[in-house]
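**Student:** attaching a predicted model along with its sequence, questions to come.
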Amino acid sequence: MKLTFEEYQARQVVHEHKRVDGPWFWTRYSAHPYVGCRSGCTFCYLRGGRYLGKRDPDTFDTLIQVKTNVVERLRAELSRLERDVLACGDWQQPAEDRYRLSRQMLEVAHELSFPVFIVERSPLLERDLDLLTALNRRSWVAVVISFSNLSPRLKAAFEPRSPGLQRRLQCMERLASAGILVGASLMPIIPFVGDDLSHLDEAVRMTAAHGGRFVLGAGMSMEGAQAALTWAAAGRLDPALPGRWRRMYGEEPDGTPRSSAPREYKARLGQQVRELCERHGLLARMPRYIAEGPLAVNKWVAEQLFLKCWELDLELASPSRVWAYRKAAWTVDALPRSIAELHRRQPGTGLRQLPEIGDAVARDIERWLTEWPLKRQGRVRAVTPSAFGPLFDSSEEKP
């Protein structure tokens, strides 16, 4: 398939999320230099939705749109924003080989001391290890190396043009050796062929063996063009597989598959990944970057609330209970004053006056606030640059 590059000037490159992406990647902003991806993995959810805009989904892996002004716009837009975690860059080949925009975006983040999060399938990221290391010293860097599993057979079926699996693991190891917080994203975990204990254990075990500190796992979504391509690939791998998927996902009234697997299946999958992480000494969530300052306590309490949501989902708690903690997390994360100071001034009543904070949630927050001073001291002492990079942004590298 012929590959075409289309250069254009973007009016805006930084997307400010309405809410932080907890408890997954903890990002508040995102900025990427390319639209489309040559790897063209069949299960990639970016084929649909808003990512491609009005483009034909069939051009996802044949037309790469290049934001030639991304570096200038990034510098101008970040200069006006509060510092928080930025999902940045795209090291896909051959686009990044040709334009080198992602490296220049890292240079801007370093210049402005923005913490950066990267999720990547391409080991080309190693090319910029020098800059990633410098940025990690000045602010913070976290990298998630993405792979669904480590099976060459499944890779050939669903992502034949993506970078090699062993090369991705080697990239993870080099990043970890440089002191960068790195983990794995098992997304999507492919139902019935990649979700068994053997595949999952191999992925978690090899992440630990290559210096990863955490593993995130999630099931496969089904939507539009992505669903059609994934089902076709499944049929070529095993003619019985699409039927099994159809029975598990169920159908919308128009006969298309539902976009998400049943909640019970997703919870069981999450429990398996969590148990395997515990077995191999890894975390099942990515630690959050928290900048030093009076609102650091808010970010940490919000982190606990988001983690509670995740745990309740795995336990199949009532959706209303999960929703209560999620709304509380959003409230605390956006609170413009210290929640610890509010509680100190109005013990027993201050928290309950906040939107979306009921009695049960307030009691959990009160307990976490008693733990905060020791937790903070422990995290600062235990989490060193050689392990995760600075958790609290208390000082900057001097020029």
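**Tutor:** Perfect, thanks for sending it. Numbering: from 1, shown residues only.
**Student:** what about Leu112, how many residues nearby?
**Tutor:** Residues near Leu112, counting by other Cβ atoms under 10 Å, number 16. Glycine gets a C-beta too; all of them are placed from N, C-alpha and C.
**Student:** contact partners for it?
**Tutor:** 75, 78-79, 83 (Cβ atoms under 8 Å, 6 or more residues apart in numbering).
**Student:** can you list contacts of stretch 304-321?
**Tutor:** Applying Cβ under 8 Å, 6+ apart, the contact partners of stretch 304-321 are 22-23, 263-264, 266-267, 270-271, 274, 285, 322, 325-326, 328-329, 332, 361, 364-365, 368.
**Student:** now do stretch 50-68
**Tutor:** 1-10, 13, 33-40, 44, 46-48, 73, 92, 95, 99, 101, 161, 224-226.
**Student:** in strands, which of those residues appear?
**Tutor:** Among the contacts of stretch 50-68, the members found in strands (DSSP state E) are 4-8, 34-35.
**Student:** show the buried residues in the contacts of stretch 304-321.
**Tutor:** Neighbour counting by 16 or more other Cβ atoms under 10 Å classes 22-23, 266-267, 270, 274, 285, 322, 325-326, 328-329, 332, 361, 364-365, 368 among the contacts of stretch 304-321 as buried.
**Student:** which secondary element of this protein has the worst mean pLDDT?
**Tutor:** Here the helix or strand of the chain ranked lowest by mean pLDDT, DSSP states H and E is helix 359-382, holding a mean of 79.
**Student:** which strands or helices does it pack on?
**Tutor:** helix 296-314, helix 319-334, helix 339-345 (3 or more Cβ pairs under 8 Å, 6 or more residues apart in numbering; DSSP states H and E).
**Student:** in this structure, which segments are predicted with low confidence?
**Tutor:** Within the chain, the stretches with pLDDT under 70 are 49, 377-399.
**Student:** buried set for the strand ranked longest in it?
**Tutor:** As assigned by DSSP E, the longest strand anywhere in the chain is strand 181-189. Across strand 181-189, burial judged by 16+ other Cβ under 10 Å covers 181-189.
**Student:** adjacent strands (with direction) for it?
**Tutor:** Strand 181-189 has the following strand partners under DSSP bridges: strand 141-146 (parallel), strand 215-219 (parallel).
**Student:** off-centre distance for the shortest one?
**Tutor:** When you say that, I think you mean strand 215-219. In terms of Cα atoms, centre = their mean, to the nearest Å, the centre of strand 215-219 is set 10 Å apart from its chain centre.
**Student:** again, but for the longest one
**Tutor:** For strand 141-146, the separation from the chain centroid amounts to 8 Å (computed by Cα atoms, centre = their mean).
**Student:** pop the domain breakdown of this structure in here.
**Tutor:** As given by automatic domain parsing, the domain ranges for the chain are 4-279, 296-382.
**Student:** against Phe147, how distant is the residue nearest to Gln226 when sequence neighbours are not counted?
**Tutor:** Excluding the flanking residues, the one nearest Gln226 by Cβ to Cβ, 6 or more residues apart in numbering is Arg47, at 4.3 Å. As defined by Cβ to Cβ, to the nearest Å, Arg47 lies at a distance of 19 Å from Phe147.
**Student:** which of the two has more residues huddled nearby?
**Tutor:** Arg47 (27 against 23).
**Student:** contacts only, for the more buried one.
**Tutor:** Arg47 is in contact with 57, 60, 224-226, 229, counting by Cβ under 8 Å, 6+ apart.
**Student:** identify the residues contacting the helix or strand harbouring Met206?
**Tutor:** Assigned by DSSP states H and E, Met206 belongs to helix 197-209. Defining contact as Cβ under 8 Å, 6+ apart, one finds that helix 197-209 is touched by 147, 149-151, 169, 172, 183-184, 186, 189, 215, 217, 272-273, 276-277, 279-282.
**Student:** which ones among those residues lie within strands?
**Tutor:** Using DSSP E, 183-184, 186, 189, 215, 217 are the members of the contacts of helix 197-209 that sit in strands.
**Student:** mind picking the two most distant members of those?
**Tutor:** Farthest pair in these (Cβ to Cβ) is Gly183 and Ile189. Separation: 15.2 Å.
**Student:** and the strands paired with strand 181-189, which is most packed in?
**Tutor:** Scoring the strands paired with strand 181-189 by mean neighbour count under mean count of other Cβ atoms under 10 Å gives strand 141-146 as the most buried, with a mean of 24.
**Student:** quick one, that one and helix 197-209 angle?
**Tutor:** Put simply, strand 141-146 runs at 150 degrees to helix 197-209, going by axes from the mean of the first three to the mean of the last three Cα atoms, to 10 degrees.
**Student:** and Arg19, how many neighbours does it have?
**Tutor:** Neighbours of Arg19 under the rule other Cβ under 10 Å: 12.
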